[in-house]
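Engineer: what's the 3D shape of this:
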Amino acid sequence: MAIFHISKRFPSGEKYSLTDQIRRCSRSVCANLAEAYRKRKYPNHFVSKLSDADTENGETQTWLEFALACSYISEAEFNMLNNQAEEVAKLLVYMMNNPEKFLIKQS
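Structural biologist: Modelled structure (predicted):
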(Lines give C-alpha, C1' and ligand atoms only; values in the text may rest on other atoms or scores of the structure.)
Protein backbone atom coordinates (compact mmCIF):
# COMPACT_ATOMS: atom_id res chain seq x y z
CA MET A 1 0.00 0.00 0.00
CA ALA A 2 2.93 2.33 0.59
CA ILE A 3 3.88 2.00 -3.08
CA PHE A 4 0.30 2.76 -4.13
CA HIS A 5 0.18 5.93 -2.03
CA ILE A 6 3.65 7.11 -3.03
CA SER A 7 2.94 6.46 -6.71
CA LYS A 8 0.00 8.88 -6.57
CA ARG A 9 2.64 11.61 -6.74
CA PHE A 10 4.19 10.32 -9.98
CA PRO A 11 3.67 12.56 -13.04
CA SER A 12 0.52 11.97 -15.04
CA GLY A 13 2.71 11.11 -18.04
CA GLU A 14 3.76 7.97 -16.15
CA LYS A 15 0.17 6.82 -15.54
CA TYR A 16 0.24 3.99 -18.09
CA SER A 17 3.89 3.10 -17.70
CA LEU A 18 5.85 3.29 -14.46
CA THR A 19 2.87 4.02 -12.19
CA ASP A 20 0.79 1.18 -13.59
CA GLN A 21 3.71 -1.25 -13.66
CA ILE A 22 4.91 -0.65 -10.12
CA ARG A 23 1.39 -0.90 -8.72
CA ARG A 24 0.64 -4.10 -10.64
CA CYS A 25 3.81 -5.98 -9.73
CA SER A 26 3.78 -4.90 -6.07
CA ARG A 27 0.18 -6.10 -5.73
CA SER A 28 1.03 -9.27 -7.59
CA VAL A 29 3.51 -10.24 -4.86
CA CYS A 30 0.62 -10.47 -2.39
CA ALA A 31 -1.73 -12.13 -4.86
CA ASN A 32 0.79 -14.84 -5.71
CA LEU A 33 1.50 -15.44 -2.04
CA ALA A 34 -2.23 -15.87 -1.43
CA GLU A 35 -2.41 -18.35 -4.31
CA ALA A 36 0.60 -20.23 -2.91
CA TYR A 37 -1.13 -20.49 0.46
CA ARG A 38 -4.15 -22.06 -1.21
CA LYS A 39 -1.87 -24.54 -3.02
CA ARG A 40 -0.23 -25.85 0.18
CA LYS A 41 -1.54 -29.35 -0.53
CA TYR A 42 0.59 -29.55 -3.68
CA PRO A 43 4.31 -28.92 -3.02
CA ASN A 44 5.28 -28.14 -6.63
CA HIS A 45 2.38 -25.72 -7.14
CA PHE A 46 3.11 -24.10 -3.77
CA VAL A 47 6.76 -23.46 -4.65
CA SER A 48 5.85 -22.32 -8.17
CA LYS A 49 3.52 -19.62 -6.82
CA LEU A 50 6.14 -18.54 -4.29
CA SER A 51 8.60 -18.25 -7.18
CA ASP A 52 6.09 -16.09 -9.06
CA ALA A 53 5.78 -13.86 -5.97
CA ASP A 54 9.57 -13.59 -5.78
CA THR A 55 9.78 -12.64 -9.46
CA GLU A 56 7.16 -9.90 -9.01
CA ASN A 57 9.02 -8.67 -5.94
CA GLY A 58 12.18 -8.35 -8.02
CA GLU A 59 10.29 -6.45 -10.69
CA THR A 60 8.95 -4.11 -8.02
CA GLN A 61 12.51 -3.39 -6.92
CA THR A 62 13.50 -2.59 -10.50
CA TRP A 63 10.64 -0.10 -10.87
CA LEU A 64 11.63 1.46 -7.54
CA GLU A 65 15.10 2.02 -8.98
CA PHE A 66 13.56 3.77 -11.99
CA ALA A 67 11.38 5.91 -9.70
CA LEU A 68 14.47 6.94 -7.74
CA ALA A 69 16.48 7.65 -10.91
CA CYS A 70 13.65 9.86 -12.19
CA SER A 71 13.44 11.65 -8.82
CA TYR A 72 9.85 10.55 -8.28
CA ILE A 73 10.75 9.19 -4.86
CA SER A 74 13.35 10.28 -2.32
CA GLU A 75 16.36 8.19 -1.43
CA ALA A 76 14.82 7.64 2.02
CA GLU A 77 11.59 6.33 0.45
CA PHE A 78 13.58 4.12 -1.91
CA ASN A 79 15.65 2.70 0.93
CA MET A 80 12.59 1.99 3.07
CA LEU A 81 10.67 0.27 0.26
CA ASN A 82 13.69 -1.58 -1.11
CA ASN A 83 14.62 -2.84 2.37
CA GLN A 84 11.08 -4.13 2.82
CA ALA A 85 11.28 -5.85 -0.57
CA GLU A 86 14.58 -7.45 0.46
CA GLU A 87 12.94 -8.81 3.62
CA VAL A 88 10.06 -10.19 1.55
CA ALA A 89 12.58 -11.84 -0.78
CA LYS A 90 14.37 -13.50 2.16
CA LEU A 91 11.09 -14.87 3.50
CA LEU A 92 10.00 -16.15 0.10
CA VAL A 93 13.35 -17.88 -0.48
CA TYR A 94 13.12 -19.47 2.96
CA MET A 95 9.63 -20.76 2.16
CA MET A 96 10.75 -22.08 -1.24
CA ASN A 97 13.71 -23.84 0.35
CA ASN A 98 11.58 -25.29 3.19
CA PRO A 99 8.13 -25.93 1.72
CA GLU A 100 7.45 -28.87 4.04
CA LYS A 101 7.12 -26.42 6.95
CA PHE A 102 4.15 -24.76 5.26
CA LEU A 103 2.37 -27.60 3.48
CA ILE A 104 -0.93 -29.13 4.57
CA LYS A 105 -0.12 -32.37 6.34
CA GLN A 106 -1.54 -35.43 4.57
CA SER A 107 -3.15 -37.95 6.93
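Engineer: CA atoms for contacts and neighbours, from now on please.
Structural biologist: Fine.
Engineer: Tell me the buried residues in the top helix by length along the chain?
Structural biologist: Longest helix of the chain, by residue count under DSSP state H: helix 43-69. Neighbour-count burial for helix 43-69, with 16 or more other C-alpha atoms under 10 Å as criterion, is recorded at 43, 45-61, 63-65, 67-68.
Engineer: Please state the offset of it from the chain centre?
Structural biologist: 5 Å (C-alpha atoms, centre = their mean, to the nearest Å).
Engineer: Who are the packing partners of that helix?
Structural biologist: helix 20-38, helix 75-97 (3 or more C-alpha pairs under 8 Å, 6 or more residues apart in numbering; DSSP states H and E).
Engineer: Ok, which of the ones you listed comes nearest residue 6?
Structural biologist: Nearest of the helices and strands packed on helix 43-69 to residue 6, taken as C-alpha to C-alpha: helix 75-97 at 8.7 Å.
Engineer: Any idea how far the closest one is from the middle of the chain?
Structural biologist: Per C-alpha atoms, centre = their mean, the centroid offset for helix 75-97 relative to its chain is 8 Å.
Engineer: one step back: could you export the helices and strands packed on helix 43-69 as a markdown table, including mean pLDDT?
Structural biologist: Listed next are the helices and strands packed on helix 43-69 as a markdown table, based on pLDDT from 0 to 100:
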| stretch | mean pLDDT |
| --- | --- |
| helix 20-38 | 97 |
| helix 75-97 | 98 |
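Engineer: Show me which of those has the highest average neighbour count.
Structural biologist: helix 20-38 (a mean of 18; mean count of other C-alpha atoms under 10 Å).
Engineer: circling back: got the angle between the longest helix of the chain and helix 75-97?
Structural biologist: Put simply, helix 43-69 runs at 170 degrees to helix 75-97, going by axes from the mean of the first three to the mean of the last three C-alpha atoms, to 10 degrees.
Engineer: I appreciate the help and will end here.
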